[in-house]
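**Q** below are the sequence and a predicted model; questions follow.
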Amino acid sequence: AMVEKQGFKHFMLKEIHEQPGVVRASLDAYFNPAESTESPINLGLPADLYNDLEQIQILACGTSWHAALIGKYLIEQLAEISTQVHYASEYRYAPSPVTANTLIIGVTQSGETADTLAALTMEKERRQGREPKYQARLLGITNRPESSLGHLVPHVISTLAGIEIGVAATKTFTAQLMAFYALALDLAARRQTVSKDTLDKIINGLRQIPKEIEATLESQERLTEQLAHEFAETQDFIFVGRGINFPIALEGALKLKEISYIHAEGYPAGEMKHGPIALLDAKVPVVAIAIPGSVYEKVISNAQEAKARDSRLIGVTPVNDGEAAEIFNDLLPISHVEELLSPILTVVPLQLLAYHIAARRGLDVDQPRNLAKSVTVE
Ligand code: G6P
């Protein structure tokens, strides 16, 4: 079927606005209704994929790699399974030693990224003929189960973003995050690393996310557009976050680079002092993701250090947060949300900021130069 822009100026903007629906579809598909007596999570994966699991290796590229980093955080913190995330293009030529009882997850929106497919194939082949515990347990996370990835791996979690046209991934990223929340919770439930109460609380929190994204979209659309006007000539941007929001800093920087061609870097806020702080001055704005929780005060104090170097500070932080409001020059407020669930919300203002800066600069947002929707060459 022809996909249309439905009144939006670009596909990317339409796809950003489709994210509440993507989260709803994922909730419906991956979780059983609250009143159900069965396990709350339903990914349709066989138990032997999970049995005696000792390690997880995740292979991906680009935005999918960022989703994988959040997946690692969730799996390690909730299910207590040691997890590594690799760029597929690197892993192919320098794989980790073969370990027993290891789940290997390939994450690719398109299901066609050459490096990701090659890394998975290599992993499968080098484990063939070894004892059962060394055999590859392969799982794919993809928006296109009919893709080459779908043929390569025996098990798939289908992400439910629908077709994405904009080259810069937005709703497919959110859909990948939802797959990782479901997977981490499924593992945690089976291994009983979190209590039933905690599990229910997290799932209830996820159910609130669609309307929180809607509220964020509503309040941010004008704010980010106005802010974008002030950065049309900016040459460098820094994005910082910590913990579960560090990968969102990476993703915010990647979105800006991809479509606005502005140099941007994402950094874990605590690492700023080990180099990048030397770049800061009044010409380099810093976007800080500051969500109450385990690293909130740390991020705020890292942001203060940037402000002391005259950087303009933009805060992605909950609405009506007194402390944050005083530090930041500009606010991109989101709803109050648990830190564990916050990445699904904090990414939205960063997508909008990148979009509006690129649109303001008159660039071809949906078809940025030098980039392709899926990279089928090495
Ligand atoms: C290309 C796209 C990126 C995407 C990456 C991985 O570089 O421009 O937006 O994140 O490929 O794509 P995949 O389909 O494997 O998720």
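**A** Happy to help now that I have it. Numbering: from 1, shown residues only.

**Q** residues of the helix or strand that contains Leu331 that come out buried?
**A** Assigned by DSSP states H and E, Leu331 belongs to strand 330-334. For strand 330-334, the neighbour count (16 or more other CB atoms under 10 Å) marks Leu331, Leu332, Pro333, Ile334 as buried. Where C-beta positions appear, they are placed from N, C-alpha and C, glycine not excepted.

**Q** ok, so of the residues you listed, who is nearest the ligand?
**A** Leu332 (22.2 Å; CB to the nearest ligand atom).

**Q** for that closest one, list the residues it contacts.
**A** By CB atoms under 8 Å, 6 or more residues apart in numbering, Leu332 lies in contact with Gln220, Leu223, Thr224, Leu227, Val287, Ile314, Gly315, Val316, Thr317, Pro349, Leu350, Leu353.

**Q** repeat the analysis, applying 6 Å as the threshold.
**A** Applying CB atoms under 6 Å, 6 or more residues apart in numbering, we find Leu332 in contact with Val316, Pro349.

**Q** for the one 10 residues further on, same thing?
**A** Taking CB under 6 Å, 6+ apart as the criterion, Ser342 is in contact with Ile291.

**Q** for it, give me phi and psi.
**A** Per-residue torsions, Ser342: phi -60, psi -30 (degrees, to the nearest 10).

**Q** quickly find the element holding the residue positioned nearest the centre of the chain.
**A** Geometric centre of the chain, nearest residue: Ala67, 3.5 Å, by CA atoms, centre = their mean. Per DSSP H and E, Ala67 falls inside helix 62-74.

**Q** is the ligand within reach of whichever helix or strand comes after that helix?
**A** Following helix 62-74 in sequence order, the next helix or strand is strand 82-87 (DSSP H and E). No. Shown here: strand 82-87 not in contact with the ligand (CB under 6 Å from any ligand atom), separated by at least 10.5 Å.

**Q** state the distance from the residue of the stretch 1-150 of the chain found nearest the ligand to Ile56.
**A** With CB to the nearest ligand atom, the shortest gap between the stretch 1-150 of the chain and the ligand falls at Gly62, namely 2.7 Å. From Gly62 across to Ile56, the span is 20 Å (CB to CB, to the nearest Å).

**Q** how about Asn302?
**A** 30 Å.

**Q** and if you look at Gly162?
**A** 28 Å.

**Q** picking that back up, for the residue nearest to the centre of the chain, what are its contacts?
**A** Ala67 neighbours (CB under 6 Å, 6+ apart): Phe173, Gln176, Leu177.

**Q** list the buried ones in the helix or strand that contains the second one?
**A** Secondary structure from DSSP H and E places Gln176 in helix 171-191. Neighbour-count burial for helix 171-191, counted by 16+ other CB under 10 Å, picks out 171-189.

**Q** for that helix, packing partners?
**A** Here helix 171-191 touches helix 19-30, helix 62-74, going by 3 or more CB pairs under 6 Å, 6 or more residues apart in numbering; DSSP states H and E.

**Q** so which of these is the most surrounded?
**A** With neighbours taken as mean count of other CB atoms under 10 Å, these reach their highest mean count in helix 62-74, at a mean of 25.

**Q** rounded mean pLDDT for that one, please.
**A** For helix 62-74, mean pLDDT is 98.

**Q** restrict the buried residues of strand 330-334 to contacts with the ligand.
**A** Among the buried residues of strand 330-334, no residue lies close to the ligand (CB under 6 Å from any ligand atom).

**Q** with pLDDT and distance to Val156 added, can I get these in TSV?
**A** Listed next are the buried residues of strand 330-334 as TSV, based on pLDDT from 0 to 100; distance: CB to CB, whole Å:
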residue	pLDDT	distance to Val156
Leu331	93	40
Leu332	93	35
Pro333	91	37
Ile334	93	31
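
**Q** what number of residues lie near Arg92?
**A** 20 (other CB atoms under 10 Å).

**Q** that one contacts Ala119, doesn't it?
**A** Yes. Between Arg92 and Ala119 there is a contact under CB atoms under 6 Å: 4.8 Å.

**Q** good, we can wrap up now.
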